[in-house]
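Trainee: Prediction below, plus the sequence it came from.
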Amino acid sequence: MADTLSITSGSERAELPITEGSVRATDLRAIPTPDGPLTSFDPGFVNTASCHSSITYIDGDAGILEYRGYPVDQLADGSTHLEVAHLLMFGELPTASELEAWENEINTHRFVHENVGQIIESFRYDAHPMAKLMSGVASMQTFYPSARRIEDPESRRRNVVRLIAKMPTLAAWSYRHSIGRHRVYPNDELNYVENFLAMLFQSQQRVYRPDPRVTRAMEVLFILHADHEQNCSTNAVRAVASAGNDLYTSAGAGVGALFGPLHGGANEAVLRMLREIGHVDNVGEFLEGVKNGRAKLMGFGHRVYKNYDPRAKVIKRSTEEVFEVTGINPLLEIAVELERIALNEEYFVKRRLYPNVDFYSGLIYEALRFPPEMFTVLFAVPRTVGWCAQWLEGVTDPEQKIMRPKQIYTGHRARTFVPMDERDA
Ligand code: ACO
């Protein structure tokens, strides 16, 4: 017998079918209540599925993250970001010749229109690079108006390639403008990650040659950040896309969502927190403050993971490789001590709070001499791949409708308008 959920409201009783571990929220409408048809209430979508998806699988209790079925740690050990991008976009790891064609396709689209550069440079030099990136991404729709033809598969693919290709250029230009340096243009000799590093750090005097260990660490970080199913920014991308929007408009919303300190902005917040703590001896006092609600332990806790974030494990390993090149970041000692104590404290254990992806990534970025404002930008570049894959899945999904949640209204009703001279002072 099929599983059902029995609901009783007054004299009404209904059996709702359970399929795929869920009930259809629209089935609830058949059940009357004194306040109208039954609805579900879920601020923050804590237990609401908004789509079917075959891109990324997470089991938060078990600490599992898979892209198209492949565990993320295996991908981080054995592949490159563009290989993973191919996997996320098309569902399969590329063969050698497919990868070569894909890399060539991406590489030929790395240049960005000069006017987009000028848009980024029209900001004050001290504007946050995420704000500049958000505007740069959104503005691209005006340079590629055919991107609005989202029903055209060719147009969809062309613009996905463009965005994945151009995102590092936009990100690097946002950064260079912040530090008062000229733009560096893409270099065909370099791969995706090397070219990004060169566009960030190249000076006029010297050719920038990243240490291969640094390039590899960045590649790993890119892979780990490529997608994370229906997180806040991906949901923003899908919500904006559900109104029939092009990729650039939708991804611009994704950049905005990622900017938030509870989402992609957390790695920046972790660094600021570690600096504030200042010394390993102050860790105990800081954690007392967290337990008393005076502060949050940034980089800890996750909506989905109630176990060690699998990405944090891989990043912790990468910190060692990067520190071989850069020397140890003194803040690492504070981070390790925070983790050691927190994992044994009742407050964190009871709430199942573990380090998330942001806890150690900021330490690597700082060791590579990125200012904290750049950390979220370094997240946005690889996450673009996930946004593209999820945007594509959303706009081609016949089940999807414009996203428009309901509300439970708690305000006044049917009041009579009071003219100004009759209102109480
Ligand atoms: N420090 C201290 N307490 C915490 C933390 C934290 N980092 N995270 C959660 N808690 C506590 C909450 O206060 C709450 O306690 P209560 O039950 O006594 O009220 C309980 O744990 C549950 O937390 P919620 O906020 O309800 O969990 P939610 O799923 O809504 O939030 C979030 C998840 C936003 C990630 C949260 O854990 C947080 O703010 N963490 C710090 C910011 C951070 O690191 N964000 C990055 C997430 S990864 C990413 O987006 C890429």
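Mentor: All right, it came through fine. Numbers count the residues shown, from 1 in each chain.
Trainee: so where do the helices sit in the stretch 51-200 of the chain?
Mentor: 72-78, 81-90, 96-107, 114-121, 129-143, 153-178, 192-201 (DSSP state H, counting those that start in this stretch).
Trainee: name the helices or strands packed onto the fourth one?
Mentor: Right, helix 114-121. helix 129-143, helix 153-178 (3 or more CB pairs under 8 Å, 6 or more residues apart in numbering; DSSP states H and E). C-beta: built from backbone N, CA, C; applies to glycine.
Trainee: So which of those helices is nearest the ligand?
Mentor: Across the helices and strands packed on helix 114-121, the ligand has its closest neighbour in helix 129-143 (13.9 Å, CB to the nearest ligand atom).
Trainee: quick one: contacts of the closest one?
Mentor: 112-113, 115-116, 119-120, 123, 147-148, 162-163, 166-167, 170-171, 173-175, 177-178, 246, 248-249, 251-252, 255-256, 258-259, 265, 373-374, 376-377, 380 (CB atoms under 8 Å, 6 or more residues apart in numbering).
Trainee: Buried only: go through those for me.
Mentor: 112, 116, 119-120, 123, 147-148, 162-163, 166-167, 170-171, 173-175, 177-178, 246, 248-249, 251-252, 255-256, 258-259, 265, 373-374, 376-377, 380 (16 or more other CB atoms under 10 Å).
Trainee: ok so, going back, compile the helices of the stretch 51-200 of the chain into TSV and extend it with columns for mean pLDDT and distance to the ligand.
Mentor: TSV is the format used below for the helices of the stretch 51-200 of the chain (pLDDT from 0 to 100; distance: least, CB to the nearest ligand atom, whole Å):
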stretch	mean pLDDT	distance to the ligand
helix 72-78	97	14
helix 81-90	98	17
helix 96-107	97	24
helix 114-121	97	24
helix 129-143	97	14
helix 153-178	97	17
helix 192-201	95	20
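Trainee: Can you say which of these is nearest to Q400?
Mentor: helix 153-178 (14.5 Å; CB to CB).
Trainee: Ok, which of the helices and strands packed on helix 114-121 comes nearest W391?
Mentor: The nearest among the helices and strands packed on helix 114-121, by CB to CB, is helix 153-178 at 7.8 Å.
Trainee: Which strands or helices does that closest one pack on?
Mentor: Partner elements for helix 153-178 (3+ CB pairs under 8 Å, 6+ apart): helix 96-107, helix 114-121, helix 129-143, helix 192-201, helix 247-258, helix 375-395.
Trainee: now these as CSV including distance to Y67?
Mentor: Shown next, in CSV, are the helices and strands packed on helix 153-178 (distance: least, CB to CB, whole Å):
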stretch, distance to Y67
helix 96-107, 16
helix 114-121, 30
helix 129-143, 23
helix 192-201, 17
helix 247-258, 18
helix 375-395, 9
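Trainee: measure A198 to V184 for me?
Mentor: Remark: distance between A198 and V184 (CB to CB, to the nearest Å) = 7 Å.
Trainee: Also L274?
Mentor: 30 Å.
Trainee: So for the two, which sits in the more crowded spot?
Mentor: The residue with more neighbours, out of L274 and V184, is L274; 25 against 19, by other CB atoms under 10 Å.
Trainee: Surely the more buried one and E337 touch.
Mentor: No - in this structure L274 lies outside contact range of E337 using CB atoms under 8 Å: 10.4 Å.
Trainee: was I right about L221 contacting F375?
Mentor: No - the pair L221 / F375 is not scored as a contact, 10.6 Å apart, by CB under 8 Å.
Trainee: Find residues that contact each of the two.
Mentor: S361.
Trainee: what's the burial count for the residue lying closest to I150 once chain neighbours are set aside?
Mentor: Nearest residue to I150, sequence neighbours excluded (CB to CB, 6 or more residues apart in numbering): V395, at 5.1 Å. V395: 19 surrounding residues under other CB under 10 Å.
Trainee: List the residues that contact V395.
Mentor: Here V395 is in contact with I150, R156, A241 (CB under 8 Å, 6+ apart).
Trainee: Tabulate those (JSON lines), appending distance to V280 and neighbour count.
Mentor: Putting the contacts of V395 into JSON lines (distance: CB to CB, whole Å; neighbours: other CB atoms under 10 Å) gives the following:
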{"residue": "I150", "distance to V280": "52", "neighbour count": "19"}
{"residue": "R156", "distance to V280": "51", "neighbour count": "20"}
{"residue": "A241", "distance to V280": "46", "neighbour count": "27"}
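Trainee: ok, so what distance separates the residue nearest to I150 from T384?
Mentor: 16 Å.
Trainee: now H81
Mentor: The value you get for H81 to T384, if CB to CB is used, is 11 Å.
Trainee: Please say which of the two ends up with more neighbours.
Mentor: A direct count of neighbours by other CB under 10 Å for H81 and T384 places T384 higher, at 28 against 25.
Trainee: so the more buried one touches A251, yeah?
Mentor: Yes - checked against CB under 8 Å, the pair T384 and A251 is within contact range at 6.6 Å.
Trainee: what sits in contact with each of these two?
Mentor: L163.
Trainee: After the helix or strand hosting E268, which helix or strand is next? Please name it.
Mentor: Per DSSP states H and E: E268 is located in helix 266-277. From helix 266-277 onward toward the C-terminus, using DSSP H and E, the following helix or strand is helix 283-291.
Trainee: Let me know the angle separating that following helix from helix 266-277.
Mentor: 130 degrees (axes from the mean of the first three to the mean of the last three CA atoms, to 10 degrees).
Trainee: Show me what helix 283-291 is packed up against.
Mentor: helix 266-277, helix 331-342.
Trainee: The same query, at a cut-off of 10 Å, please.
Mentor: Judged by 3 or more CB pairs under 10 Å, 6 or more residues apart in numbering; DSSP states H and E, helix 283-291 is in contact with helix 266-277, helix 331-342, helix 346-350.
Trainee: Name the residues of the helix or strand just after it that are buried.
Mentor: Following helix 283-291 in sequence order, the next helix or strand is helix 310-326 (DSSP H and E). Buried residues in helix 310-326, counted by 16+ other CB under 10 Å: 310-316, 318-319, 321-323, 326.
Trainee: I'd like these as TSV, with distance to the ligand and pLDDT appended.
Mentor: Conversion of the buried residues of helix 310-326 to TSV gives the following (distance: CB to the nearest ligand atom, whole Å; pLDDT from 0 to 100):
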residue	distance to the ligand	pLDDT
P310	12	92
R311	9	93
A312	9	90
K313	14	89
V314	14	93
I315	12	92
K316	15	87
S318	16	89
T319	17	88
E321	22	85
V322	20	90
F323	22	89
T326	24	89
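Trainee: how many neighbours does L378 have?
Mentor: 26.
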